[in-house]
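A.B. asks: Starting from these lines, generate the structure:
(chains A and B)
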Amino acid sequence: MPIELRDVTYTYMKGTPFERTALQNVSLTIADGSLTAIAGHTGSGKSTLVQHLNGLLHPTKGEVLVDGVNLAGKKEEAGLARRKVGMVFQYPEQQLFEETVAADIAFGPKNLELSEDEVNRRVRSAMEFVQLDYETYKDVSPFRLSGGQMRRVAIAGVLALKPDYLVLDEPTAGLDPQAREELLRRIVDLHRKKKLTIIVVSHNMEDIARMAERVVFMHDGHVLVDAPPSKAFLADEKMREAGLTAPPTVALLSILRDKGLQVDADAFTADEAVKRILKAIQKKGGAKC
Amino acid sequence: MLTDITIGQFFPGTSILHRLDPRAKLLLLLVLMAAIFVFDTPGGYAVLTGLALLLAATSGVPLSMYFRSLRPLWWILAFTFLIHLCATPGEVFFHFWIFDMTKEGLSRGFFLCLRLTLLILFSSLLTFTTSPLSLTDGMERLLRPLKVVGVPAHELAMMMTIALRFVPTLIEETDTIMKAQQSRGADFSTGNALKRVRHLVPILVPLFISSFRRADELATAMEARCYRGGEGRTRMKELHVGGIDYAAAGVTALLFAAMGAMKMAGI
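C.D. replies: Predicted structure coming up:
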């Protein structure tokens, strides 16, 4: 069953002069087993949007359904539905508080009132999944870890809840290139191996191009583009309107095409781009490589 | 939500109150608050209430905000009123069980509530129409003479500016942390008192850590820009006392004279 947003409008500080509508009539369906990326410049409403997915915010108008259950509905039912959606906030390492890594990761499962065995099992498997060795790190203070490691602890804390859906808000912000690379690979793994439905909010077009199956561009609280990456990134005008720039490979290929080379611009990795260019050059019967 | 809270919030505008010098506003506010206690006659209250209402109406701040600022006080007001209504000796006009409601109590309770309401209203007028920055500027300037006796005016003002600057940031951060912990199944609103206090740990620890980090970063940033206290610092926007401020002081003085006269005449 999917997550469904039906005609969602959200207004901050309603009834004061500071009233601001962050979302306007947004309708979206996040299909089971998909990996969706949401992009948009600051203030476009993407963070507000994802906070609706696990009921942290309730729409001013419209409704959010998770597996057919309205999140603003009956308390018990809605509570269970909310738990299915795991949420990793921006800079999640700033929410660590326990004395040891294992205790922090166990916070979520303990709140679910699971047995101690089950909690331990979940902590262990979550740590394994984010590639933190259980024996080495379980008794270390999370505040002694590096930024990338802290973030992995925080993500493990959410994974230990075993959600069906995982929402990540700017998961790679502030990480060094290597940590970023690794984290992205882990996210794709979660999607492929654990069959998690994943929603990623990101500024980074390259990241999005590489992993997303579907791209949603937000602008001024509206959904501007909702398409697979191969289409979304080619909608130049819409991207400019949303204040976004195409991933570097698409940008390069577009320039080549403008200069007269017959090349398809829908390549999202360097390798793919090289192949496209080679193909185009060979077709042209020009230089031999 | 937490981010929807308004504490002493500033509403930008161009009303007379907005254009007054913050020092003038601060001093006149103090004087008016004193007046609430000094001129405790019906005539005096009528003048002060009229002034407060007039200023509120012309301030350009939505009137609902003034009601909001009074809201936390409803209980105290109701309680004060009832106590005075029932505990003041005098002419009984209504008897219920062990309570004797007196006419004297009615008027005393009413005036006490009015006094409290006026105090809140006048301070709301100040905070709604003065940006926190100019407010602390004004305070710094007013406290400067006290430097002679060792009051660190500039440092106090700087601390206040920084504290005010970080209130919204911290509120926002608390909000995010709460949401994050809620997403991990934390529940802040159920359980007994002890449990609830324990539930605060997952919020307070991250909040403290980030506050220390912010303080450290801010200190470094200030030092990197050669901040070394108030000695010899000039400012880009000097405060100026203008005609409008003298006019406001004049009006206040006139009102004082009127209220004084009324008090002497016993109105």
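A.B. asks: Am I right that B:Phe128 is in contact with B:Gly60?
C.D. replies: No: B:Phe128 lies out of contact with B:Gly60 (Cβ atoms under 8 Å); the separation is 9.2 Å. Heads up, the C-betas are built off the backbone N, CA and C, glycines and all.
A.B. asks: Quick check: neighbours shared by those two?
C.D. replies: B:Phe11 (Cβ atoms under 8 Å, 6 or more residues apart in numbering or on different chains).
A.B. asks: ok, these two, which is more surrounded?
C.D. replies: B:Phe128 (23 against 17; other Cβ atoms under 10 Å in any protein chain shown).
A.B. asks: what sits against that one?
C.D. replies: B:Phe128 neighbours (Cβ under 8 Å, 6+ apart): B:Gly8, B:Gln9, B:Phe10, B:Phe11, B:Ser59, B:Val61, B:Met65, B:Tyr66.
A.B. asks: Mind giving me the ChimeraX command for buried ones among those?
C.D. replies: To isolate the buried subset of those in ChimeraX, counting by 16 or more other Cβ atoms under 10 Å in any protein chain shown, use the following:
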select /B:9,10,11,59,61,65,66
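A.B. asks: Mark which of the contacts of B:Phe128 are part of helices, please.
C.D. replies: Mapping the contacts of B:Phe128 onto helices (DSSP state H) picks out B:Met65, B:Tyr66.
A.B. asks: Could you report the neighbour count for whatever residue of chain A ends up closest to chain B?
C.D. replies: The nearest approach of chain A to chain B comes at A:Asn111, 3.1 Å away (Cβ to the nearest Cβ). Here the number of neighbours of A:Asn111 (other Cβ under 10 Å) works out to 17.
A.B. asks: How about it, nearest residue that isn't a chain neighbour?
C.D. replies: B:Gly185 (3.1 Å; Cβ to Cβ, 6 or more residues apart in numbering or on different chains).
A.B. asks: Then A:Glu272?
C.D. replies: A:Thr249 (7.1 Å).
A.B. asks: And A:Val50, by the same measure?
C.D. replies: Per Cβ to Cβ, 6+ apart, closest to A:Val50 is A:Val167, 5.0 Å.
A.B. asks: which residues are contacting the helix or strand hosting that neighbour?
C.D. replies: Under the criterion of DSSP states H and E, A:Val167 resides in strand A:165-169. With contact meaning Cβ under 8 Å, 6+ apart, strand A:165-169 is reached by A:3, A:30, A:47, A:50, A:53-54, A:66, A:84-90, A:155, A:158-159, A:187, A:190, A:196-201.
A.B. asks: If we use 7 Å, what do you get?
C.D. replies: A:3, A:47, A:50, A:53-54, A:84-90, A:187, A:190, A:196-201 (Cβ atoms under 7 Å, 6 or more residues apart in numbering or on different chains).
A.B. asks: buried set for stretch B:157-177?
C.D. replies: B:Ala157, B:Met158, B:Thr161, B:Leu164, B:Ile171, B:Glu173, B:Thr174, B:Asp175, B:Thr176, B:Ile177.
A.B. asks: Restricted to helices, list these.
C.D. replies: Per DSSP H, the subset of the buried residues of stretch B:157-177 in helices is B:Ala157, B:Met158, B:Thr161, B:Leu164, B:Ile171, B:Glu173, B:Thr174, B:Asp175, B:Thr176, B:Ile177.
A.B. asks: ok, and of these, which contact chain A?
C.D. replies: B:Thr176, B:Ile177 (Cβ under 7 Å from any Cβ of the partner chain).
A.B. asks: Quick one: the strands in the chain, in order.
C.D. replies: Unless you meant another one, I'm taking chain A. Here chain A has its strands, by DSSP state E, at A:3-12, A:20-30, A:35-39, A:61-66, A:69-70, A:85-88, A:165-169, A:197-201, A:214-219, A:222-227.
A.B. asks: wrong one, chain B
C.D. replies: Taking DSSP E as the criterion, chain B carries its strands at B:92-96, B:99-102.
A.B. asks: hmm, who's touching the longest one?
C.D. replies: The contact list for strand B:92-96 (Cβ under 7 Å, 6+ apart) reads B:Asp100, B:Met101, B:Thr102, B:Lys103.
A.B. asks: can you check the last one too?
C.D. replies: Strand B:99-102 is touched from outside by B:Leu85, B:Cys86, B:Thr88, B:Pro89, B:Gly90, B:Glu91, B:Val92, B:Phe93, B:Phe94, with contacts defined as Cβ under 7 Å, 6+ apart.
A.B. asks: and the third one, what is it in contact with?
C.D. replies: If a contact means Cβ under 7 Å, 6+ apart, then B:Thr88 has B:Thr102, B:Glu104, B:Gly105, B:Arg108 as its contacts.
A.B. asks: for the fifth one, same thing?
C.D. replies: With contact set as Cβ under 7 Å, 6+ apart, B:Gly90 has these partners: B:Thr102, B:Lys103, B:Glu104, B:Gly105.
A.B. asks: In chain B, what residue lies closest to chain A?
C.D. replies: B:Gly185 (3.1 Å).
A.B. asks: Tell me how many other residues crowd that residue.
C.D. replies: 17.
A.B. asks: Distance of it relative to B:Val205?
C.D. replies: Distance, B:Gly185 to B:Val205, by Cβ to Cβ, to the nearest Å: 17 Å.
A.B. asks: repeat for A:Thr136
C.D. replies: 23 Å.
A.B. asks: if you count what's nearby, which of the two comes out ahead?
C.D. replies: Remark: of A:Thr136 and B:Val205, B:Val205 carries more neighbours, 17 against 10, as counted by other Cβ under 10 Å.
A.B. asks: how far away is the more buried one from A:Phe143?
C.D. replies: 10 Å.
A.B. asks: got it, and A:Lys74?
C.D. replies: 40 Å.
A.B. asks: got it, and B:Leu73?
C.D. replies: 42 Å.
A.B. asks: The contacts of B:Thr88, buried ones only, as a PyMOL selection?
C.D. replies: Typed into PyMOL, the line below selects the buried ones among these, using 16+ other Cβ under 10 Å:
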select buried, chain B and resi 102+105+108
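A.B. asks: ok, of the contacts of B:Thr88, which one's closest to B:Ile36?
C.D. replies: The shortest approach to B:Ile36 among the contacts of B:Thr88 belongs to B:Arg108, at 15.2 Å (Cβ to Cβ).
A.B. asks: By mean pLDDT, which helix or strand of chain B comes out lowest?
C.D. replies: Least confident helix or strand, chain B: strand B:92-96 with a mean of 74, by mean pLDDT, DSSP states H and E.
A.B. asks: Most neighbours among the contacts of strand B:99-102, which one?
C.D. replies: Highest neighbour count within the contacts of strand B:99-102: B:Leu85, with 21 neighbours (other Cβ under 10 Å).
A.B. asks: Surely that residue and B:Lys103 touch.
C.D. replies: No: between B:Leu85 and B:Lys103 there is no contact under Cβ atoms under 7 Å: 9.8 Å.
A.B. asks: Any stretches of the chain with poor pLDDT?
C.D. replies: Reading this off chain A. Where chain A drops to pLDDT under 70, the residues are A:17, A:285-289.
A.B. asks: ah, I was thinking of chain B
C.D. replies: B:1-8.
A.B. asks: Count the residues that sit near B:Phe99.
C.D. replies: Neighbours around B:Phe99, by other Cβ under 10 Å: 13.
A.B. asks: And B:Arg141, by the same measure?
C.D. replies: There are 18 residues near B:Arg141, going by other Cβ under 10 Å.
A.B. asks: Nothing else from me, thank you.
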